[in-house]
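In: model this:
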Amino acid sequence: MPCSASSISFSSNESVTDFTKSNPYTPERIYRPENKQQLVAAIIDGASAGGQMKALGGNYSLSGAQVARNFLISTRKLNRHLSMPFPGTAQGLADQRYRDPARNKTQLIETILHTGATLPAGRHLVYVEAGIKVKQLLDDLKAIGLALPTMGSGGDQSLAGAISTGTHGSDFGIPPLSDFVRAIHIVGPGGREWWIEPSYGMVGGPNLGSIPDWCPDTYVIRDDGFFYSALVQVGRLGVIYALVLEVRDAYWLEDRSEKHDWSGIAAQLQESVQQGYNNVVFKSSLGGIPSRYYSVTIDLARGHDCWVTRRWETTNHTKELDDSSNLWMCDSPKPFIPALLGLKAQFIDLGIQVVGVPVMGVIWQARITAFWIELMDLANKSATTADFLIHALKKAADLTAAEVGPVFPEMQAIIRSLPSFILDMQHKPKSRGPSYAILDQHDYEIDNCYSGNSTEIFFDANNTTYLQFVADVLRESRDSGSVPGYVSLRYVGRSRAWLAMERWDLTVAIEVAVPRLSTGEDLYASFMSKVLELAWQHGGVPHWGQTHVMTPTNLEELYAGGVLEPFRWAIAELQQGGSSLFSSDFTESRGLELQTGVELKHHRSQRSGGVLAACHFVLQSC
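Out: Numbering: from 1, shown residues only. A predicted model of the protein is given here:
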């Protein structure tokens, strides 16, 4: 019998807007559970009302993976710790960061360790509710001298959202964050709780039932197929309530970024594919410490400027961080003014060049000055940097030689250089600090004024196909009139999760991002459609949380080789009665469902014959 709260309230007809304002909608109900029992109650209540549900964390997905058909469960209040770290103490972490300080500020993890389970030196386990924001987890770990081993570029995602969409970093020798999960606590259809571990896990020993608020009806599953299905599952299996995550001792990192010509870097990468990345690309060291991180950001509009960023762990604990604010702020009366001021001297110089031309020189100089004033006014009125860039580039496109004379090409070039100027400002030559400060350098103050569109495609980095994809994307940008934005290449290790995009020992994730007007108008939709077509032509695997188009047929092609079978088996086990409570337009359109025409019992019998479900909280391997 589910362990549920007696009741759960909800709000109705409340609009939900995601990070990029790409998928706004109004669910019929929004539940905001404050503990596990209320989460169970919300799932039971939603099912009884005849709707389908989806959990929501940070709402950062562009793909619509987080959009519910009927009822939404916000996990934002499920953000506390459920045990002291192991090994470790409660010292440094405030009482309010525990779900129940009286019971959770104890060594629960040690209590439930499997006999003989060991951790590598400097590693620890934390047991946290999965609605916690990554940036909050970074702060909590900092307070107790611990750190995440890797993460994506921003921390405003919930931990569950980052894990279940396969979020990656750029640490080429390290798998994504999902591969540091050691146990998953899910609430599925009917409010049934599931504790899921690998076949030979670290936690979940015979004392598992002693966890505070443990529900005696919980199903305990110890199976690699099931566990690696539940890691990256885009919300299809249920709501992730809590995770046991492996972290490490606190450490310091140093970043260094350099500007290059893309053609030279592309040649290095081409050579790297042939040499297994044993050349200068990944082999740089700092103080004798090998690099762990490599990324390239290419100016999409120009196609030749690029910035290479490398990262090392460091024993130098002298902080060197640029804490200056970003180029634009939502509450600033003069957004983007710093960028324009940086280019002002070039406009003045153009005016000086033409002023001496008889008759027209003074007129041209006046028009150059007026153009500058128009840009400043546009900067003041723009709600987002994307708005400014799009309108400024349109002004440059509408400019004529008759208006400004012989400096017309230079005028256009200055405006077209603005995207590159932004990228210049965002790539600091050097940054050094504690890992939490380097891993998460996102400026959260600008989130509400962000507007853009991006897609991210994953390739085998040991195949030159990905470099051809980049070349084709840059060509499409030129053919489309030099689209503003960037192309980024980030390298990461393989994931063991069945539906992870990181499918190769060395995987490269290629993100293509363009500005979009804050009104929602997408002037570069045609270009992005061409990018997605190119991705399919080159066999790339799309990011679950980024803009993409995928059919069930595409899914079968990309995740061939028996990968989908254990995932569908996990669905069948969780929805034993045939419930599709956590289905959505997203999961059905991508094929993340049981196969049409195949009976539920067949999916379950493929691996277990229903044996796993029959284990029913028996604390032994099933």
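In: hang on, Ala160 packs against Val128?
Out: No. Assessed by CB atoms under 8 Å, Ala160 is found out of contact with Val128, at 10.1 Å. Any C-beta I mention is one placed from the backbone N, CA and C, and that applies to glycine too.
In: can you count the residues close to Arg103?
Out: 14 (other CB atoms under 10 Å).
In: before we move on, what about Ile422?
Out: 20.
In: would you say it is within a helix?
Out: Yes. Counting by DSSP: H, G, I helix; E, B strand; the rest coil, Ile422 is located in a helix.
In: where do the helices of the stretch 501-622 of the chain begin and end?
Out: 525-537, 552-558, 564-574, 585-590, 600-605, 611-615 (DSSP state H, counting those that start in this stretch).
In: nearest to Gly201, of those helices?
Out: helix 611-615 (14.5 Å; CB to CB).
In: residues in contact with Ser4?
Out: Gln37, Val40, Ala41, Ile44, Gly191 (CB atoms under 8 Å, 6 or more residues apart in numbering).
In: pass me the low-pLDDT residue ranges in the stretch 251-400 of the chain, would you?
Out: 278-280, 323-336, 338-339 (pLDDT under 70).
In: try it again at 50.
Out: Scanning the stretch 251-400 of the chain for pLDDT under 50 picks out 325, 327-329, 331-333.
In: tell me where it has helices.
Out: Under DSSP H, counting those that start in this stretch, the stretch 251-400 of the chain gives helices at 262-275, 337-355, 360-381, 385-398.
In: quick one, the third one and helix 385-398 angle?
Out: For the pair helix 360-381 and helix 385-398, the angle between their directions (axes from the mean of the first three to the mean of the last three CA atoms, to 10 degrees) equals 160 degrees.
In: now do the buried residues in helix 360-381.
Out: Trp364, Gln365, Arg367, Ile368, Phe371, Trp372, Leu375, Met376, Leu378, Ala379 (16 or more other CB atoms under 10 Å).
In: between these, which is nearest Pro176?
Out: Ala379 (38.0 Å).
In: wait, doesn't that closest one sit right on Phe388?
Out: Yes. Look at Ala379 against Phe388 with CB under 8 Å: they come within range, at 5.6 Å.
In: adding pLDDT and secondary structure, write the contacts of Ser4 out as a markdown table.
Out: Converted to a markdown table, the contacts of Ser4 look like this (pLDDT from 0 to 100; DSSP: H, G, I helix; E, B strand; the rest coil):
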| residue | pLDDT | secondary structure |
| --- | --- | --- |
| Gln37 | 96 | helix |
| Val40 | 96 | helix |
| Ala41 | 96 | helix |
| Ile44 | 94 | helix |
| Gly191 | 92 | helix |
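In: farthest-apart pair in those, please.
Out: Most distant of the contacts of Ser4, by CB to CB, are Gln37 and Ile44, 10.7 Å apart.
In: what segments of the stretch 1-150 of the chain are strands?
Out: Under the criterion DSSP state E, counting those that start in this stretch, the stretch 1-150 of the chain contains strands at 10-12, 29-31, 53-56, 71-74, 123-129, 146-147.
In: need the winner for burial among these.
Out: strand 53-56 (a mean of 26; mean count of other CB atoms under 10 Å).
In: quickly run through the sheet partners of that strand, with directions.
Out: strand 71-74 (parallel) (DSSP bridges).
In: which other residues reach the partner strand?
Out: So strand 71-74 is contacted by 10, 16, 27-33, 39, 42-43, 46, 49, 51-56, 239 (CB under 8 Å, 6+ apart).
In: so for stretch 454-471, mean pLDDT?
Out: The average pLDDT for stretch 454-471 rounds to 96.
In: also stretch 99-110?
Out: 89.
In: what's the closest non-adjacent residue to Met376?
Out: Leaving aside its sequence neighbours, Met376 sits nearest to Leu340 (CB to CB, 6 or more residues apart in numbering; 6.1 Å).
In: mind checking how far the residue nearest to Gly342 when sequence neighbours are not counted is from Leu341?
Out: Nearest non-adjacent residue to Gly342, counting by CB to CB, 6+ apart: Phe421, 6.6 Å away. Distance, Phe421 to Leu341, using CB to CB, to the nearest Å: 11 Å.
In: so for these two, which residue has more residues nearby?
Out: More neighbours surround Phe421 than the other of Phe421 and Leu341, with 17 against 12 (other CB under 10 Å).
In: so what's the more buried one scoring on pLDDT?
Out: pLDDT at Phe421 comes out at 76.
In: tell me the confidence at the residue nearest the centre of the chain?
Out: Central residue of the chain (CA atoms, centre = their mean): Thr167, 4.4 Å from the mean position. The model reports Thr167 with a pLDDT of 86.
In: what does the one 3 residues further on give?
Out: Looking at Ser170, its pLDDT stands at 79.
In: repeat for Ile414
Out: Looking at Ile414, the pLDDT reads 83.
In: for the residue nearest to it when sequence neighbours are not counted, the count of nearby residues, please.
Out: Among residues not flanking Ile414 along the chain, Gln346 sits closest, at 5.4 Å (CB to CB, 6+ apart). Burial measure for Gln346: 14 neighbouring residues, criterion other CB under 10 Å.
In: tell me how many other residues crowd Ala397.
Out: 12.
In: and for the one 5 residues further on?
Out: Using other CB under 10 Å as the criterion, Ala402 is surrounded by 10 other residues.
In: and it, that one's in a helix?
Out: Yes. The assignment for Ala402 by three-state DSSP puts it in a helix.
In: quick one: the helices in the stretch 51-200 of the chain?
Out: 101-104, 108-111, 134-143, 159-164.
In: overlap in contacts of Ala160 and Val128?
Out: Leu243.
In: what kind of secondary structure is the residue lying closest to Gly303 once chain neighbours are set aside in?
Out: Take Gly303 and drop its neighbours on the chain: the residue closest to it by CB to CB, 6+ apart is Leu474, 4.4 Å away. Secondary structure, three-state DSSP: Leu474 is helix.
In: list the residues that contact Leu474.
Out: Trp262, Ile298, Leu300, Gly303, Val487.
In: ends of stretch 436-453, how far apart?
Out: 27 Å (CA to CA, to the nearest Å).
In: part of a strand, is Phe458?
Out: Yes. Membership of Phe458 in a strand is supported by three-state DSSP.
In: around it, how many other residues sit close by?
Out: The burial count for Phe458: 25, using other CB under 10 Å.
In: and if you look at Gly287?
Out: Gly287 has 10 nearby residues by other CB under 10 Å.
In: and for His548?
Out: 21.
In: doesn't Phe458 make contact with it?
Out: No. The pair His548 and Phe458 does not pass the contact test of CB under 8 Å, sitting 10.9 Å apart.
In: any shared contact partners between the two?
Out: Pro542.
In: list the residues that contact Ala65.
Out: Thr165, Val234, Gly235, Trp544, Gly545, Phe586.
In: how about His185?
Out: Taking CB under 8 Å, 6+ apart, one finds Ala130, Glu193, Trp194, Trp195, Ile196, Ile240, Tyr241, Ala242, Leu243 in contact with His185.
In: where does the spatially closest residue to Gly276 that is not a sequence neighbour land in three-state SS?
Out: Spatial nearest neighbour of Gly276, excluding adjacent residues (CB to CB, 6+ apart): Asn462 at 7.1 Å. Assigned by three-state DSSP, the conformation of Asn462 is coil.
In: tell me the most buried of the helices of the stretch 501-622 of the chain?
Out: Highest mean neighbour count among those (mean count of other CB under 10 Å): helix 564-574, a mean of 23.
In: show me what it is packed up against.
Out: Here helix 564-574 touches helix 224-231, helix 600-605, going by 3 or more CB pairs under 8 Å, 6 or more residues apart in numbering; DSSP states H and E.
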